[in-house]
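sharing a model prediction with you, sequence too.
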Amino acid sequence: MMKKTFVAALIAASLGSVALPAAAEVFIRIAPPPPRVERVPPPRHGFVWVPGHWDWNGRRHVWVHGTWLRERHGYRYVEPAWVERDGRWQMERGRWERHDRDHDGVPDRRDHDRDGDGVDNRHDRRPDNPNRY
């Protein structure tokens, strides 16, 4: 009897140590309430304001107040958002993305001269070829 209890305890302990990744996808059938109105504070140099949003705690929606995040140069912050898919709701977490205003796959900081030939892409007849002539 003691051996069975010990084995059961080991199995339970090993199952209890399994952790889900922080970004595990969660789909729920309950739509989030409308966003709350929050006072947006004045801008702070070097920081980005992230407005409050509804999160899911496993049983219900809970409000997460807005906060400041330290700015990341060359990136833009995409706010958390709820997206409906086939009658179910999924939370897309906030994240940092590289600036790419024209969506060509090249970050904006390097977009002005993709081939590195010293000629701005707007004036380069062949912007992806490092040979000028």
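Yep, that arrived.

measure residue 80 to residue 51 for me?
Residue 80 sits 9 Å away from residue 51, going by Cβ to Cβ, to the nearest Å. Where you see a C-beta, it was placed from the backbone N, CA and C, and this is true even at glycine.

what of residue 60?
In terms of Cβ to Cβ, residue 60 sits 20 Å off from residue 51.

bridging residues for the residue nearest to residue 44 when sequence neighbours are not counted?
Nearest in space to residue 44, with sequence neighbours left out and distances taken as Cβ to Cβ, 6 or more residues apart in numbering, is residue 68 at 6.1 Å. Residue 68 forms beta bridges with residue 49, as assigned by DSSP bridges.

how many residues are close by residue 68?
By other Cβ atoms under 10 Å, the residues close to residue 68 number 13.

show the model's pLDDT score for it.
pLDDT for residue 68: 96.

for the remainder of this discussion, apply numbering that starts at 181.
Will do, 181 is the new start, and the previous item becomes residue 248.

so who does it touch?
For residue 248, the contact set (Cβ atoms under 8 Å, 6 or more residues apart in numbering) comprises 221, 224, 227, 228, 229, 230.

got the phi/psi numbers for residue 302?
phi -60, psi -30 (degrees, to the nearest 10).

what's the burial count for it?
Neighbours of residue 302 under the rule other Cβ under 10 Å: 8.

one more: residue 262?
17.

could you say which helix or strand holds it?
Residue 262 belongs to strand 261-265 when elements are defined using DSSP states H and E.

just the buried residues of that strand, please?
Of the residues in strand 261-265, residue 262 count as buried by neighbour count, 16 or more other Cβ atoms under 10 Å.
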